[in-house]
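Visitor: Here's a sequence, model it:
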Amino acid sequence: MPVSFILSLAFPEYDTATYPNANVGQDSAQIVPASSDSAKTVRTNFGYYHGFKFPNTYTTTYNVISDKYIPDFIYEGDVKFSTQGRCGGMAYAALDYFYAHKLIPGYASDSEAPPNDIPLSRYILDRLHDSLDISLLGILKALGSIAVSASPAGSVSSLEEVPRFVYLTIAPNENKFTILGKCGPGCLPGVRSLTNSEIPKATRLIDQGKPAVLGLVAASSISDIGKNHQVVAYGYTYDKQANNQYTFYIYDPNHPGKEVKATWYPPNVGGKLYYSMGSKALNTYKELPSWRGFFVEDYSPKTPNVFTDIDFDGVEDSKDNCPTVKNPDQANTNGDDLGDACQMSDQDQDGIVDFRDNCRYAANPDQKDEDNDGVGDACENIIL
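Guide: Prediction:
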């Protein structure tokens, strides 16, 4: 099996706060009254606002040491490859902070992910690896299930013994090689039937007040496996009258600060998981890419112990008197709760910031103070 093929399976490339009143980390589910007797809505105490505020714009570069993995006569030097996004890591890490009753770390930019070398980014990368859980043995099992038509269908239909992203990527949309319409020995279970079997797992978790990490499947060939995605479903609505429709409420690392909805119709042959965002009534509705199906990830919480320092000044955010501007000296001239570096207003627009200006109400870039009383000459005759 080519090394490049194995590496392509390892990491998906599709990828890319303020908090409302919420009880962070509570485990109870809330059943919300729905519009009809045939509908039910359940939400956990997790919400999109518990996710990271910055978007999933990560790029990760990996080095493969040729001397160790590839003989020198084939290639000399290091082999490098890059992947885009850490969606699974961000989904797992967001839940880690939720269950640990900790506010999720912020970052100074709302438009890009933090640098790869800070502790928070490294933690997210570690959790990405946990979320994928792909091994060479699992890959071979998945490929064998497709290649050998006589293999028992049960080993695939449970999705427990093979890497699910790998199998669902190369599986057909509908069951193949069925016997009298049933999927028996030699059948290749399709993405739709396997997704239908995952719905009870997702709703059962949410009913228990536990958000579910979902692996969304878009790819239909190994070369496109990077188009798959990972998100957190924290609620759902079931509507029997609307063709047994399930609508999941999603935190998607690609859309921070927004609630994404994902709708699935179990009876519809050839259907998809339809992604949308916003409200048609408010003219904010946006159609997003649809997915072939999904499965429930095997998430287990970890307690994050990450030193966060979003301005990179060596002072932990919780102890930094100006966490968004580098100020390793923590200077605080006026002794209030905010460091000098964050008090950058210049009311008189003379180029001297207020906390350093001896006359902040009148322009005096020269800062003259003839009587040396701490009040600039330009302010001596100003009555406040």
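Visitor: Low-confidence ranges, this structure, go.
Guide: Where the chain drops to pLDDT under 70, the residues are 1-37, 62-82, 133-163, 269-270, 279-285, 287, 345, 355, 381-384.
Visitor: mind listing the helices for it?
Guide: Under the criterion DSSP state H, the chain contains helices at 3-10, 66-69, 87-99, 119-132, 136-147, 154-157, 164-170, 191-207.
Visitor: And Gly314, how close does it get to Ile104?
Guide: Between Gly314 and Ile104 the computed distance is 22 Å (CB to CB, to the nearest Å). Quick note: C-beta positions are derived from backbone N, CA and C, even for glycine.
Visitor: And for Gly184?
Guide: Noted for Gly184: a distance of 47 Å to Ile104, by CB to CB.
Visitor: Could you do Ile250 as well?
Guide: Using CB to CB, Ile250 is found at 17 Å from Ile104.
Visitor: Repeat that for Pro119.
Guide: Taken as CB to CB, the span from Pro119 to Ile104 is 14 Å.
Visitor: okay, those two: which has more neighbours?
Guide: Set Pro119 next to Ile104 and count neighbours by other CB atoms under 10 Å: Ile104 wins out with 23 against 15.
Visitor: OK, contacts around that one?
Guide: Ile104 sits next to 17, 50-53, 93-94, 97-98 when contact means CB atoms under 8 Å, 6 or more residues apart in numbering.
Visitor: 7 Å - rerun?
Guide: Applying CB atoms under 7 Å, 6 or more residues apart in numbering, we find Ile104 in contact with 17, 50, 52, 94, 97.
Visitor: cool, and Arg86?
Guide: Counting by CB under 7 Å, 6+ apart, Arg86 touches 15, 56, 58, 124-125, 128.
Visitor: can you rerun that using 8 Å?
Guide: Per CB under 8 Å, 6+ apart, neighbours of Arg86: 15, 56, 58, 60, 113, 124-125, 128, 253.
Visitor: same check, this time on Ala219
Guide: Contacts of Ala219 (CB under 8 Å, 6+ apart): 169, 225-228.
Visitor: Would you quantify the distance from it to Tyr299?
Guide: In this view, Ala219 and Tyr299 are 21 Å apart by CB to CB.
Visitor: Same check on Val315?
Guide: With CB to CB as the criterion, Val315 and Tyr299 are 33 Å apart.
Visitor: who has more neighbours, these two?
Guide: Between Val315 and Tyr299, counting by other CB under 10 Å, Tyr299 is the more crowded of the two (23 against 19).
Visitor: Give me the sheet partners of the lengthiest strand in the chain and which way each runs.
Guide: Counting by DSSP state E, the longest strand found in the chain is strand 229-239. Applying DSSP bridges to the sheet, strand 229-239 is found paired with strand 39-43 (antiparallel), strand 212-217 (antiparallel), strand 245-251 (antiparallel).
Visitor: between that strand and helix 87-99, how big is the angle?
Guide: Strand 229-239 runs at 60 degrees relative to helix 87-99, counting by axes from the mean of the first three to the mean of the last three CA atoms, to 10 degrees.
Visitor: so strand 229-239 versus helix 191-207, what angle?
Guide: Going by the same axes, to 10 degrees, strand 229-239 makes 80 degrees with helix 191-207.
Visitor: what's the angle between strand 229-239 and helix 119-132?
Guide: Interaxial angle, strand 229-239 versus helix 119-132 (the same axes, to 10 degrees): 70 degrees.
Visitor: Distance from the chain centre to strand 229-239, please.
Guide: 14 Å (CA atoms, centre = their mean, to the nearest Å).
Visitor: likewise stretch 41-61?
Guide: The answer for stretch 41-61 is 5 Å, by CA atoms, centre = their mean.
Visitor: same question, stretch 372-383
Guide: Distance, stretch centre to chain centre, for stretch 372-383: 54 Å (CA atoms, centre = their mean).
Visitor: Run through who's touching that stretch.
Guide: 357-364, 367-371.
Visitor: let's see it at 6 Å
Guide: Residues outside stretch 372-383 that contact it (CB atoms under 6 Å, 6 or more residues apart in numbering) are 358-359, 361-362, 364, 367-370.
Visitor: Flag every buried residue along stretch 307-317.
Guide: If you call a residue buried by 16 or more other CB atoms under 10 Å, then stretch 307-317 has these buried ones: 308-311, 313, 315, 317.
Visitor: which residues sit in contact with the closest residue to His255 other than its chain neighbours?
Guide: With sequence-adjacent residues excluded and distances taken as CB to CB, 6 or more residues apart in numbering, His255 is closest to Met277, at 6.5 Å. Met277 makes contact with 258, 260, 286, according to CB under 6 Å, 6+ apart.
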